[in-house]
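Trainee: Any chance you can model this:
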Amino acid sequence: MNSSPSDLAQASERAHALRQQLHHHAHRYYVLDAPEIPDATYDQMFAELQALEQRFASLRVPDSPTQRVGGPPLSEFASVRHAVPMLSIRTETDTTAEGALAFDARVRRELGWGEAPVEYVAELKFDGLAINLRYEAGTLVQAATRGDGELGEDVTQNIRTIGQIPLRIEGACSWPVLEVRGEVYIRRDDFEALNERQRLKIAQGARGEKTFVNPRNAAAGAVRQLDPAIAAQRPLSFFAYGIGAVQASAQAHLPQTHLQWLELLRSWGLPVAEQTRLALGAQELLAFYRQIGTQRDALPFDIDGVVYKVNRLDLQQQLGFVTREPRWAVAHKYPAQEQLTEVLGIDVQVGRTGKLTPVAKLAPVFVGGVTVTNATLHNEDEARRKDVRVGDTVVVRRAGDVIPEVVSVLIDRRKSASAVFSMPIHCPVCGSLAEREEGETDHRCTGGLFCPAQRKQALLHYAQRRAVEIEGLGDKLVDQLVDAGLIRHLPDLYRLGLSALAGLDRMGEKSACNLLAALEKSKQTTLARFIYGLGIRHVGEATAKELARHFGRLDDLMQASSEQLLEVADVGPVVARSIHTFFAQPHNREVVEQLRALGVHWPEGQPAATLGLPLSGKTLVITGILPSLDREQAKSCIEAAGGKVAGSVSRKTDYLLAGAEAGSKLSRALELGIPVIDEARLMEMINGRA
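Mentor: Here you go, the predicted model:
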C-alpha cells in the first residue's frame, strides 16, 4: 500500500515522540529503578513504534528502542582495534586493609608529595566482563570486548539488548566520538532466576541445556553469544566506570577529574555504581575497603574487590604507566574463600606456549561455588616454598575467585616422609629439554614447533591474520585436524588432501576446497609475517618486523649469533637468547626447511639498513574502504616501506590514507590540514613515482 507524504510526515513525528518517551521510561525503569508507568503501557507504546517502523522502513533508526531485540545470528565476531587500549589495572598483592596504605604510599612517593594527601576515587571491582561502548554523534555505533587490550570482539548486537545502556546520548550528540567503558554483569537474583529456568528446561527434557556456574561466566557467555536473540534472554546489567577515546565538540568543557567524568556519564543516563566516592588520603581508602568488605555479601551483584584511582587527570598523566598498567590505579581484592583437602598427586602440565606448570591433584572439595579437583602450584619455586607433597593436607583457595591454588600445607598433619617436588628436566610430553631462563621463574619446553602439547597453539598462531594468515583455519578445525591425526607438525598443513578434509565433521567438499585454496594463498607471505608465525617466545609482531628489516633474509637470521641479534632495534638479551635458542633446535630448523620445500616463500633482499625506504620516518593513518587492499595489507605495505601506522589522526600525522566511506578521521585530517592520499597515491609513493 502506498503512503502519501503527509502520512509519512505524521508517522515520523509520532515515531520521534514515541522514541523519546520510551527512552525516558526505560531509563526510569532500568537505571533509576523508579518506573512512572505500568509495564502494559510501556508495551503498548513499544508495539505502536514497531508497527510504524514496519510500515515506514525509513523510520527504523539505529537508536530506536526496537533495535534492542538484536539482529540475525552471526557466524563469528569481527575484530575491533581499540582507539585507546583497554589496559588492565594491576592488583595489590596485600589482600588486607593495609594494601590501601601501600598503594597510597607508592603514589605519593612517585608524585614527590611527601605527606600531602592525594585525592582518589574509590570504586567497586565488578566481577563481570569489560566492555567499550563507542558513541558517534551521540548514537551507539559499536560495542567491543577488552580482548587482549589492543584487539577486541565486536559484540554490538548483543550489547544493544541491555536496557541500561542508552542507544543515544543526547548530551553528546555534538561530540564526534565518545567511548564509555564499563562492566557487563548479572545481578545475583537475576542469576538465580536464570538458573531456575535452566533447571526447569532440563527437567522437561530439553537437550543441550545446562545451569551456569556463576554470574560472571553467564554474563560473559551471553555477551559472546552469536545469536543476539539468545543474548536478549539473558538478564544482563551494566555499570560505567571510565572513558576511552574522546573527540568532544568545540564548545565542550572537558572534565578535569575522573569523578567529574563519572558524574557527567551519570547525568547522560549511564548507570554508575552508587558506592563510588571520593577518598582523601590513605585512611579514607582504608575505610572504604573495610566498609565495602562488610557490605559485600549484601550487594545485589558480585564483586571481588575495590578499585582506587587518582582523581585528577593531570596527575594520572604524570604518573603514567608501567608494563602496560596504570601507576595511578590499583585493584585491591578481598581474601578468597578457602577450604581444606588432600593432595592425591602432583602432575606437570605443558601449556599451549610450552610453560611447565606443577598441578596438585586434589580430593574433590567445594570452594567458592564450584567443586575443585586441581590446584595450580605455579612453578617449582612456589611448590618448594610451600613444601607441597603427595598426601599432604592443604589449604585451597580460589585466587581471584577464578583459579584454584594451594595456599599452604598443614605440616602437623603430614602422615609420613614423602619426596620433595622437583621439576623434570625433560618435557613430559615430547621429551625435549625443559629449560629455565635466567631471571625467570618458569620452566619451558624447548620443543617449540615439535611439541604435541604446543601443536594446536603453534598452528593457530601461524594461521592468524597478523601472521601467515590461513582463512578458515580456526580453533574447532585445528582440534579436529590434530585429534584425527591428520596434522602432527606444522608442515603437515600443506600436505592435506581433499578427501581427508572432506571427511571431517561439518567439512564438505566445498569447505575443504576453500581451505586448500587458503593454504595455497598463504604460501606467498612476507618475511616478517613468517617470523612472527613461527611463534618464537618473546618475538611479537613488532619485533618480527624489526628482525625482517635488519636481516633481510631468513638464512641470515637463523645463523645470527646472540651478539648479532642484539644489534637489532627492540631486541635485548632475553629476546636474543630466545631467538638463538629457537633456531639452534634441529627440529625447529627442520620445520622451517620443510615449510620452504612445500612452497612457503616471501620476497627477500638486502637488510633494511642499506635501503632508502620511501616512507621512512613518516606516520600514516588509514580510514575507509580501500579499492584493493584491506586494512592489514595496507599497514604491511606502509611498514615495509619504512613508515608507521597510527590509530588516530593528530598533528604528528604525515598522511591520511583514505578510502570509501571515510569517517571522522577524514574530517579531523582536513581540520588539521594533513595531506589526504588514496591507495593509488600511496603505491606511487612506495614505488618512488611520487
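Trainee: wait, what's in contact with the residue nearest the centre of the chain?
Mentor: Of all residues in the chain, the one closest to the mean position by CA atoms, centre = their mean is residue 147, 1.0 Å from it. By CB atoms under 8 Å, 6 or more residues apart in numbering, the contact set of residue 147 is 79, 80, 82, 86, 153. Using the backbone N, CA and C atoms, a C-beta is placed for each residue, glycine as well.
Trainee: And for residue 133?
Mentor: Counting by CB under 8 Å, 6+ apart, residue 133 makes contact with 140, 142, 143, 159, 165, 179, 180, 181, 182.
Trainee: if you set the cut-off to 10 Å instead, what comes out?
Mentor: Residues in contact with residue 133 (CB atoms under 10 Å, 6 or more residues apart in numbering) are 140-144, 156, 159, 162, 165-166, 169, 178-182, 238, 240, 243-244, 270.
Trainee: ditto for residue 309
Mentor: Residues near residue 309 by CB under 10 Å, 6+ apart: 89, 120-123, 241-242, 257-259, 276, 279, 316, 326, 328-330.
Trainee: where exactly do the helices run in the stretch 51-200 of the chain?
Mentor: Per DSSP state H, counting those that start in this stretch, the stretch 51-200 of the chain carries helices over the ranges 98-111, 156-159, 188-203.
Trainee: least reliable of those helices going by mean pLDDT?
Mentor: Here the lowest mean pLDDT among the helices of the stretch 51-200 of the chain goes to helix 188-203, at a mean of 85.
Trainee: what does that one rub up against?
Mentor: By CB under 10 Å, 6+ apart, helix 188-203 touches 185-187, 206-219, 222, 233-237, 297, 299-302.
Trainee: Run the chain-centre distance for it.
Mentor: Put simply, helix 188-203 sits 29 Å off its chain's centre (CA atoms, centre = their mean, to the nearest Å).
Trainee: Could I get the buried residue list for it?
Mentor: Across helix 188-203, burial judged by 16 or more other CB atoms under 10 Å covers 190, 191, 194, 195, 198.
Trainee: Same check on stretch 484-497?
Mentor: Buried residues in stretch 484-497, counted by 16+ other CB under 10 Å: 486, 487, 489, 490, 491, 492, 493, 494, 496.
Trainee: Mind picking the lowest-pLDDT entry from those?
Mentor: Among those, residue 489 has the weakest pLDDT, 85.
Trainee: quick one, strands of the stretch 51-200 of the chain?
Mentor: Using DSSP state E, counting those that start in this stretch, the strands found in the stretch 51-200 of the chain span residues 79-81, 91-92, 119-126, 129-136, 139-145, 151-153, 177-185.
Trainee: How about residues contacting the shortest one?
Mentor: What it means is strand 91-92. Identification of contacts with strand 91-92 by CB under 10 Å, 6+ apart yields 98-100, 102-103, 106, 125, 289, 304-308, 325, 330-333, 400.
Trainee: quick check: mean pLDDT across that strand?
Mentor: For strand 91-92, mean pLDDT is 78.
Trainee: Give me the distance between the closest residue to residue 516 other than its chain neighbours and residue 510.
Mentor: Leaving aside its sequence neighbours, residue 516 sits nearest to residue 498 (CB to CB, 6 or more residues apart in numbering; 6.5 Å). Using CB to CB, to the nearest Å, residue 498 is found at 11 Å from residue 510.
Trainee: Pick out whichever of the two has more residues nearby.
Mentor: Between residue 498 and residue 510, counted using other CB atoms under 10 Å, the more crowded position is residue 498 (12 against 9).
Trainee: Surely the more buried one touches residue 514?
Mentor: No. Using CB atoms under 10 Å, residue 498 is not in contact with residue 514; the gap is 11.1 Å.
Trainee: Please spell out which residues along the helix ranked longest in the chain are buried.
Mentor: Longest helix in the chain, counting residues (DSSP state H): helix 5-26. Within helix 5-26, the residues that count as buried by 16+ other CB under 10 Å are 11, 15, 18, 19, 21, 22, 23, 25, 26.
Trainee: okay, the fifth one: pLDDT?
Mentor: Model confidence at residue 21, expressed as pLDDT, equals 88.
Trainee: Is the nearest residue to it once chain neighbours are set aside in a helix, a strand, or coil?
Mentor: Leaving out its chain neighbours, the residue that sits closest to residue 21 by CB to CB, 6+ apart is residue 45, at 6.1 Å. Judged by DSSP: H, G, I helix; E, B strand; the rest coil, the three-state class of residue 45 is helix.
Trainee: what ranges do the helices span in the stretch 501-650 of the chain?
Mentor: All helices of the stretch 501-650 of the chain, identified by DSSP H, counting those that start in this stretch, fall at 509-522, 527-533, 541-551, 554-558, 562-565, 573-584, 586-597, 631-640.
Trainee: Touching the fifth one from outside, list them.
Mentor: When you say that, I think you mean helix 562-565. Helix 562-565 is contacted from outside by 547, 550-551, 556-557, 571-573, 575-581, 583, using CB under 10 Å, 6+ apart.
Trainee: who wins for most neighbours among those residues?
Mentor: residue 547 (27 neighbours).
Trainee: show me the contacts for that one.
Mentor: With CB under 10 Å, 6+ apart as the criterion, the residues that contact residue 547 are 527-528, 531-532, 536, 539, 554, 556-557, 560, 565, 568-571, 575, 579.
Trainee: quick one on the thing from earlier: which members of the contacts of strand 91-92 are classed as buried?
Mentor: 99-100, 102-103, 125, 289, 304-308, 330-333.
Trainee: Spatially, which two of the residues you listed are the most separated?
Mentor: 102 and 304 (18.6 Å; CB to CB).
Trainee: now, among the contacts of helix 562-565, which is nearest to residue 636?
Mentor: Nearest to residue 636, judged by CB to CB, of the contacts of helix 562-565 is residue 547 at 15.0 Å.
Trainee: Which phi and psi values does the closest residue to residue 389 other than its chain neighbours adopt?
Mentor: Nearest in space to residue 389, with sequence neighbours left out and distances taken as CB to CB, 6+ apart, is residue 418 at 4.2 Å. Dihedral pair for residue 418: phi -140, psi 160, per degrees, to the nearest 10.
Trainee: ok, now residue 118?
Mentor: According to degrees, to the nearest 10, residue 118 has phi -100, psi 140.
Trainee: check contacts around residue 59.
Mentor: So residue 59 contacts 8, 11, 12, 14, 15, 16, 18, 19, 49, 52, 53, 66 (CB under 10 Å, 6+ apart).
Trainee: where's the last one relative to residue 26, distance?
Mentor: Meaning residue 66. The gap separating residue 66 from residue 26 is 12 Å, by CB to CB.
Trainee: if I look at these two, which residues touch both of them?
Mentor: With contacts taken as CB under 10 Å, 6+ apart, the residues that reach both residue 66 and residue 26 are residue 46.
Trainee: Please report how far residue 456 lies from residue 507.
Mentor: Counting by CB to CB, the gap from residue 456 to residue 507 is 17 Å.
Trainee: next one: residue 468
Mentor: Counting by CB to CB - residue 468 and residue 507 are separated by 21 Å.
Trainee: Compare these two (neighbour count), which wins?
Mentor: residue 468 (26 against 18).
Trainee: Find the nearest non-adjacent residue to that one, please.
Mentor: residue 533 (4.4 Å).
Trainee: tally of neighbours for the one you found?
Mentor: The number of residues packed near residue 533 is 24, by other CB under 10 Å.
Trainee: what does residue 506 give?
Mentor: Residue 506 - counted by other CB under 10 Å - has 8 other residues nearby.
Trainee: Could you do residue 656 as well?
Mentor: Neighbour count for residue 656, taken as other CB under 10 Å: 22.
Trainee: A helix includes it, no?
Mentor: No. Counting by three-state DSSP, residue 656 falls outside a helix, being strand.
Trainee: Between the buried residues of helix 5-26, which sits nearest residue 451?
Mentor: residue 26 (53.3 Å).
Trainee: Okay, the nearest residue to the closest one once chain neighbours are set aside and residue 15: tell me how far apart.
Mentor: Among residues not flanking residue 26 along the chain, residue 163 sits closest, at 5.6 Å (CB to CB, 6+ apart). With distances taken as CB to CB, residue 163 is found 20 Å from residue 15.
Trainee: Fine by me, we can end here.
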